[in-house]
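K.L.:
Below are the sequence and a predicted model; questions follow.
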Amino acid sequence: MYSGEIGKKLKELGINPGDKIKVEYDNVEIEGELMPKTEFGSPDTIIVKLKNGYNVGIGFKNSRITKVSSGKGIPEFPKASMKPDPKLPKVSLIYTGGTIGSKIDYKTGGVEESKMSPEELLYIVPELSKIARIVIRNPFSIPSEEMSHSEWKTIANEVAKELNDGARGVVVTMGTDTMHYLSSALSFMLNNLNAPVVVTGAQRSSDRGSSDAFVNLICSVQIAAKSNIAEVGVCMHATSSDDQCHFIKGTKVRKMHSSRRDAFRPINDRAIAHVTKEGEIKYAENYSKISSKKTKLSAKTDFDSKIAIVKVFPGSDPTILDFYIDKGYDGFIIEATGLGHVPTNPSKKEYSWIPSIKKAIAKGAIVGITTQTLYGRVNPNVYTNLRIVSGTGAIYCEDMLPETAFVKLGWLLANYDKKKAKELLNKNLAGEINERINYDEFLL
Amino acid sequence: MSEYHDYYKKIGFMCGLEIHQRLATAEKLFCKCPTNIIEMVEKEPMSAHRYQRAVAGEMGLVDVSAAFEQQKQKRFLYKIPNSYSCLVEIDEEPPHEMNREAFMIALSFAKAMEMRIVDEIQPMRKAVVDGSDPSAFQRTAMVGFDGKIKVNETVVNIPSMFLEEESCGIESGNSIETTYSLNRMGVPLVEIDTDPYIRSPKDAKEIALYIGTLMRISGFVQRGIGSVRQDVNVSIKDGARVEIKGLQEIESVDKFIDNEVKRQQELLKIRDQLKKSGASVTEIVDVTDVFTRTKAQIIRNQVDKKGVVMGFRLKGFKGFLGKEISEKRRLGTEISDYAKAANIKGIIHSDEDLLKYGITPNEVAQLSKKLSLGPNDAFIIVAGSQSDARNAAVLAKGRAEQAIISVPLETRGAVTDGTFTTRFLRPLPGGSRMYPETDARPILVTKDAVKEAESNSPNLEKEKAFLMKHVKNNDVVDQLIRSTRLQLFKSLMGDTSADPQFIANVILQKFTELKRYGFDVESISDERLVEMFDLYKNKRITKQAIDEILKSLAKMDQSVNEIVKKEHLERMTDLNLKKLIEKEKKEGKVSKEELRNRIMSKYRLNVDGSELNSLII
């Protein structure tokens, strides 16, 4: 919005964004609508939308502005009026913001996340109401980088409530950046899950005709409404094409690209299913199926937030662990190199991580070792140095993703005593450990 | 000329041009990919397919043309060549900063047309959901406004100029899927618009030529097929604005405009007659049961697939659907073009020879009864799947109703059958398809940038004066100015010691002459011509050999040196020529004239005539 001198002048003239104005400028007259100002632009220009639809920036100082007529303010976008079909299965859509619900933001001129209302989104994807009876919940709207365990908790409780209230499946939409943290969190928090819980989002905002949001949403609702899967997973584009999405186990999925539609990949695993927008589902083996037994879902949502992911790198200073310990941290997931190495005997003695790890464990912290290669399993035995690390009492977390291990440790420490938590860290609870990584489960 | 102009004034002719010209920058407008696209390098490029949908613009409205394209539900296949595209073109990475070179060229053109340059350029998205942009919009920005040019002593206003991305080139397509190549996607182009007051089709052509020339003399633009395209907006009194898209040949611009004028005149005549006879269009009816046992294959195919036949009555339309409104195009064709947008092959109407389709008189009688047809009525039927047939019928009905009201607002495309006619593409888009490009920042135009642009801006008068100094002939200057080889001429002039008039003669007259004999001289690359003139400059070939070399190059791209060797075109050295003269002299005493002719008739291609003259004397 306009501030400073321009803001003052506009106020004086009684001109608001959306009003039709005339700008006299260098002996030229321009008529158009005053558009809201973005913060990226120069503070000395006003933005005018011309009749041809183009916006142009016009210098304010040398121009004379007059109001022609009042506008209707910033326009509203069309919204869906939904007529739910009672014959269709009920699917709850928990909408939490993110790119999937974003449109232009006049504060920055960039895409502000989470501005589109759920009804606006459904207006653009009318197919959804032909697949399921969609019920929308909107506990909050925030970008995914702002999410923490407290939002995971809210979402887990919402999911449990919706499923216990008779939804056949749940779709959670959110920003994509931290989506694999949420999917891990839900995987651990939801006990006795007997329905599909699908997390989805978009890499291109839904205010553009090429957005992946449409296909992602349709495929996710298909999984929630029709599949026999009783797991938490992420459902996003399988390739760059708009053909099909894949549904990947929530603890085995990771965002592997900053911008591509097919950024979400299964790591040390394969997708549970591939789904087309027409609703054709191809399943892999080894996943939990919906059972006929009626179960009540409970959400165990406590989370210990005093957990940190720490990455080692050549020449890294291990006293970072001491810093965290002094701040009262309860556990660490170390992103080690290769099979699970940390510097143990470097030329500069003070860069050995062994003393700090030992100290952390002595203070009662749990230390998990994962690998920064992401693919593959850590192994405490192959090299002498690995044995030294595991000798400190650090736990080798198999083929678990660092982010999954982080979520798991935070959840374990809040729901079990320390001894049990330590014991469970490298035991499979929610599909996070794959004991048999198949040859072709690489770079999928 | 004045009688000519009077006619167009009388019919309320209005016409404006949009000229799109690709710029010869090193990199694309929003990424680092090259723009000098030669051909598809990869034999089997990767591909991705996508769907697009119409979304609301900044003002919360869905654009009518976008909505129209979306209802076709088309699938788009993109060929992805690594050599010419990166993640940006396929919409998998946000745009980089706007290309500075393109921005400066655009400013220099704006200055050449005395435009006001906006103070802050706002990149916009223009919704395009026909698949030609993988992002479903074209990135575009308004650069200047309120400009003017003078063409044949008449001032033409240039209200706006834009800098935008080129779209994908179409490779193939059918009603279900269109294949595009990403090669040229994102190449910068400028769009220059005139106001709608161009006085006649011929004026439009002159103005298009002038603007094209102005840009070309800058040396900052691409050339070759498709590098410049004209969109023309035409209307006449009581008619409607129709945009004809993508005319690539400037020479035929006036013919297309004239045919559009005639089309609108014919449509208005039909309108008047239909109005007089109280024509109307009635509701769409499912007429499938008439055709359950039909032998008409085109309908049979659909009915067998559980499809339906939808039809409607056009009261008072008898004979009008078959009326020709442009060469080979009837009102029925116009209506059919609308219906085709709904994935069907076409419509069947009562002004056609129905037996040709295999529709029997009995079926026609049943249909007439079902649709309550009167003696002056016509009908239209469409066959297809349940939803396609219904959508197609709705579209066809909409167009038929328009026939009673006026000329519809349309975007039309050229029909490439040599008739200079057009066909309906989609409804004319409005301003609702504009949306700010949220991934790219606005660009403040500094005073320094404007100054720099001014010093680089092309100026036709100055260019003419410069050329005149060298070629000393007004006609040749005019031809050079219009030639696509102007930049080549200028660089050859600097590079070679060859007489500028001789170079101009080769690339103008010689080219025209060879073209007339069917040689594809346009296909010869600048590089080969430079090679050839270099040999000439270094006295390795004669003027006469140039003819032969051009003919060989026009047949096949090859090294000029090789042609010279293969076809024995080496110029005879001074020494050898002297020896030859001596040898010929010994053969018998002849006059100088005869000696010269004898040598030239044997060694025409290898001996430089003036050198020979000087040696004989």
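P.N.:
Great, that's in hand.

K.L.:
Please count neighbours and contacts with C-alpha atoms only from this point.
P.N.:
Will do.

K.L.:
In chain A, which helix is the longest?
P.N.:
With secondary structure taken from DSSP state H, chain A has its longest helix at helix A:149-164.

K.L.:
Off-centre distance for it?
P.N.:
Relative to its chain's centre, helix A:149-164 lies at 15 Å (CA atoms, centre = their mean, to the nearest Å).

K.L.:
How far off centre is the helix or strand following it?
P.N.:
Following helix A:149-164 in sequence order, the next helix or strand is strand A:169-173 (DSSP states H and E). How far strand A:169-173 lies from its chain's middle: 13 Å, per CA atoms, centre = their mean.

K.L.:
quick one: strands adjacent to strand A:169-173?
P.N.:
Applying DSSP bridges, strand A:169-173 is found paired with strand A:90-95 (parallel), strand A:197-200 (parallel).

K.L.:
picking that back up, give me the contact list for the longest helix of chain A.
P.N.:
Outside helix A:149-164, the residues that touch it by CA atoms under 8 Å, 6 or more residues apart in numbering or on different chains are A:92, A:94, A:139, A:169-170, A:182, A:185-186, A:189-190, A:195, A:197, A:296-299, A:301-303, A:305.

K.L.:
looking at the strands paired with strand A:169-173, which is buried most?
P.N.:
strand A:197-200 (a mean of 30; mean count of other CA atoms under 10 Å in any protein chain shown).

K.L.:
For it, the averaged confidence score.
P.N.:
Strand A:197-200 comes out with an average pLDDT of 98.

K.L.:
what helices or strands is the strand or helix carrying B:A208 leaning on?
P.N.:
When elements are assigned from DSSP H and E, B:A208 belongs to helix B:201-217. Helix B:201-217 sits against strand B:14-22, strand B:137-151, helix B:253-276, helix B:460-471, helix B:474-482, with contacts defined as 3 or more CA pairs under 8 Å, 6 or more residues apart in numbering or on different chains; DSSP states H and E.

K.L.:
Give me every residue in the stretch 201-350 of chain A lying close to chain B.
P.N.:
Residues of the stretch 201-350 of chain A lying near chain B by CA under 8 Å from any CA of the partner chain: A:207-211, A:240-243, A:259-261.

K.L.:
Quick one: these as TSV, columns for neighbour count, pLDDT and secondary structure too.
P.N.:
Below are these laid out as TSV (neighbours: other CA atoms under 10 Å in any protein chain shown; pLDDT from 0 to 100; DSSP: H, G, I helix; E, B strand; the rest coil):
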residue	neighbour count	pLDDT	secondary structure
A:D207	25	80	coil
A:R208	24	85	coil
A:G209	27	88	coil
A:S210	25	92	coil
A:S211	26	92	coil
A:S240	20	97	coil
A:S241	20	97	coil
A:D242	25	95	coil
A:D243	19	91	coil
A:S259	18	97	coil
A:R260	22	97	coil
A:R261	24	97	coil
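
K.L.:
in those, which two residues are the furthest apart from each other?
P.N.:
Based on CA to CA, the longest span within these runs between A:D207 and A:D243 and measures 20.2 Å.

K.L.:
quick one, what contacts the residue nearest to the spatial centre of chain A?
P.N.:
Geometric centre of chain A, nearest residue: A:M179, 2.5 Å, by CA atoms, centre = their mean. Listed by CA under 8 Å, 6+ apart, the contact set of A:M179 reads A:144, A:199-200, A:234, A:255.

K.L.:
how about the helices in the stretch 51-200 of chain B?
P.N.:
Here the stretch 51-200 of chain B has its helices, by DSSP state H, counting those that start in this stretch, at B:64-70, B:100-112.

K.L.:
Would you mind pulling the contact partners of the longest one?
P.N.:
Think helix B:100-112. Under CA under 8 Å, 6+ apart, the answer for helix B:100-112 is B:23, B:25, B:29, B:116-117, B:143-144, B:147, B:161-163, B:188, B:190, B:215, B:220, B:449-450, B:452-459.

K.L.:
let's go with 6 Å and repeat that
P.N.:
Residues from elsewhere that reach helix B:100-112 (CA atoms under 6 Å, 6 or more residues apart in numbering or on different chains): B:453-454, B:456-458.

K.L.:
For residue 242, which non-adjacent residue is spatially closest?
P.N.:
Because you didn't say which chain, this covers chain A. For A:D242, ignoring the flanking residues on the chain, the nearest one in space by CA to CA, 6 or more residues apart in numbering or on different chains is B:R50 at 4.8 Å.

K.L.:
my question was about chain B
P.N.:
With CA to CA, 6+ apart as the criterion, B:V242 has its nearest non-adjacent residue at 5.0 Å, and that residue is B:E410.

K.L.:
So which of the helices and strands packed on helix B:201-217 is nearest B:A403?
P.N.:
Checking those against B:A403 by CA to CA gives helix B:253-276 as the closest, at 5.7 Å.

K.L.:
What is the closest one packed up against?
P.N.:
On a contact count with 3 or more CA pairs under 6 Å, 6 or more residues apart in numbering or on different chains; DSSP states H and E, helix B:253-276 meets helix B:201-217, strand B:324-326, helix B:386-405.

K.L.:
got the ones you listed as a markdown table, with distance to B:F256, mean neighbour count and mean pLDDT columns?
P.N.:
As requested, those are arranged in a markdown table below (distance: least, CA to CA, whole Å; neighbours: other CA atoms under 10 Å in any protein chain shown; pLDDT from 0 to 100):
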| stretch | distance to B:F256 | mean neighbour count | mean pLDDT |
| --- | --- | --- | --- |
| helix B:201-217 | 9 | 21 | 94 |
| strand B:324-326 | 11 | 20 | 92 |
| helix B:386-405 | 22 | 22 | 93 |
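
K.L.:
could you list every residue that touches B:E171?
P.N.:
Contact analysis of B:E171 by CA under 6 Å, 6+ apart lists B:179-180.

K.L.:
could the helices and strands packed on helix B:201-217 be laid out in JSON lines, adding mean neighbour count?
P.N.:
Listed next are the helices and strands packed on helix B:201-217 as JSON lines, based on neighbours: other CA atoms under 10 Å in any protein chain shown:
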{"stretch": "strand B:14-22", "mean neighbour count": "24"}
{"stretch": "strand B:137-151", "mean neighbour count": "22"}
{"stretch": "helix B:253-276", "mean neighbour count": "20"}
{"stretch": "helix B:460-471", "mean neighbour count": "14"}
{"stretch": "helix B:474-482", "mean neighbour count": "17"}
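
K.L.:
nearest to chain B, of the contacts of A:M179?
P.N.:
Minimum distance to chain B across the contacts of A:M179 is 14.2 Å, recorded for A:K255 (CA to the nearest CA).

K.L.:
Enumerate the beta-bridge partners assigned to that closest one.
P.N.:
When assigned by DSSP bridges, A:K255 has beta-bridge partners A:F264.

K.L.:
That one: neighbour count?
P.N.:
By other CA atoms under 10 Å in any protein chain shown, the residues close to A:K255 number 19.

K.L.:
wait, isn't it in contact with A:D262?
P.N.:
No - using CA atoms under 6 Å, A:K255 is not in contact with A:D262, being 8.8 Å away.

K.L.:
If any of the contacts of helix A:149-164 are buried, put those into a PyMOL selection.
P.N.:
To isolate the buried members of those in PyMOL, using 16 or more other CA atoms under 10 Å in any protein chain shown:
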select buried, chain A and resi 92+94+169+170+182+185+186+189+190+195+197+297+298+299+301+302+303+305
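
K.L.:
List the ones among the contacts of helix A:149-164 that fall in helices.
P.N.:
The members of the contacts of helix A:149-164 that map onto helices under DSSP H are A:182, A:185-186, A:189.

K.L.:
Out of the residues you listed, which comes closest to B:R528?
P.N.:
Within the ones in helices among the contacts of helix A:149-164, proximity to B:R528 (CA to CA) peaks at A:L182, which comes in at 62.3 Å.

K.L.:
quick revisit: okay, who's weakest in the contacts of helix B:100-112 by pLDDT?
P.N.:
On pLDDT alone, B:N456 ranks lowest of these, at 90.

K.L.:
show me what contacts that one?
P.N.:
B:N456 neighbours (CA under 6 Å, 6+ apart): B:S108.
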